[in-house]
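Asks: after the sequence you'll find the predicted model.
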Amino acid sequence: MTDKISRYPLVAVVAMAKNRVIGDGQQLLWHIPGDLPRVKSLTMGRPLIMGRRTFESIGRALPGRANIVLTRQQDWSGEGALCVSSADDAIVAAEDWISEASDRIGEIVIFGGGEIYSAFMPYLDVIDLTEVDLSPDGAALFPEWNDAEWTEVSRAHHPSTDSAIGFDLVRLERHK
Ligand SMILES: NC(=O)c1ccc[n+]([C@@H]2O[C@H](COP(=O)([O-])OP(=O)(O)OC[C@H]3O[C@@H](n4cnc5c(N)ncnc54)[C@H](OP(=O)(O)O)[C@@H]3O)[C@@H](O)[C@H]2O)c1
């Protein structure tokens, strides 16, 4: 049985290499133009929960979304960031943001990086995954999930070409 920490579904949006690498701690390690519209449509109108390192690697708040940033530094601030110091406070901030306007979507996006995906993995309902056809070195990883708890509900293969990296768009849902 899944633990619930919110009345809203928790959806991880992530691009992961074949060796689980998602970044080097500071930035992404690939550029996949075809993935950007998908990330936008999966996140727009929703609250994003991310780690301080991910917020700083993006370099700005993403418009049309709440940018809820987890940090243990009491004096940290970022322009456009809603700063919180625990996973529970992040969920409360996300729920409050959704309830503030009727056009907001009732889903909470777990936006990374590695530490934040790990912290929320037990509570995720959906993983929207871009599987990148690379195996780069990098310190930030997406955590292992237990296949027995998840169903792959869709997969779209985008083969590599001379000029573009191959990738698969995959949606996993936790068994009810
Ligand atoms: N491929 C993808 O889809 C994707 C998505 C997102 C990010 N990334 C990549 O992932 C890398 C960053 O990941 P990361 O694991 O190094 O860092 P991260 O998860 O983005 O951020 C870690 C920071 O979050 C704060 N934090 C973590 N757990 C917390 C808790 N329980 N309570 C309060 N604060 C907490 C701490 O901030 P303080 O140090 O300030 O206390 C910690 O240093 C980058 O390379 C980025 O590009 C990739």
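Replies: Received the coordinates, thanks. What you are looking at is a predicted structure, and each value in this text was computed from that prediction instead of being measured. Numbering: from 1, shown residues only.
Asks: which residues touch stretch 168-176?
Replies: For stretch 168-176, the external contacting residues (Cβ atoms under 8 Å, 6 or more residues apart in numbering) are 2, 35, 38, 124-131, 133, 145, 149-158. Where you see a C-beta, it was placed from the backbone N, CA and C, and this is true even at glycine.
Asks: if we use 6 Å, what do you get?
Replies: 2, 125-131, 149-157 (Cβ atoms under 6 Å, 6 or more residues apart in numbering).
Asks: from those, which would you call buried?
Replies: The neighbour-count test (16 or more other Cβ atoms under 10 Å) applied to the contacts of stretch 168-176 identifies Asp125, Val126, Ile127, Asp128, Leu129, Thr130, Glu131 as buried.
Asks: name the nearest residue to the fifth one, ignoring sequence neighbours.
Replies: Okay, so that is Leu129. Val170 (4.4 Å; Cβ to Cβ, 6 or more residues apart in numbering).
Asks: would you double-check that the one you found falls in a strand?
Replies: Yes - applying DSSP: H, G, I helix; E, B strand; the rest coil, one finds Val170 inside a strand.
Asks: just list whatever residues bridge to it.
Replies: Residues in a beta bridge with Val170, per DSSP bridges, are Leu129, Arg155.
Asks: quick one: the strands in this protein?
Replies: 10-17, 21-23, 47-51, 66-70, 81-84, 108-112, 126-132, 140-141, 150-158, 167-174 (DSSP state E).
Asks: report the contact partners of the residue nearest the centre of the chain.
Replies: The centre of the chain sits closest to Phe111, judged by Cα atoms, centre = their mean, with a distance of 2.4 Å. By Cβ under 6 Å, 6+ apart, the contact list for Phe111 reads Leu48, Met50.
Asks: apply 8 Å and report the result again.
Replies: With contacts defined as Cβ under 8 Å, 6+ apart, Phe111 is in contact with Val13, Thr43, Leu48, Ile49, Met50, Thr54.
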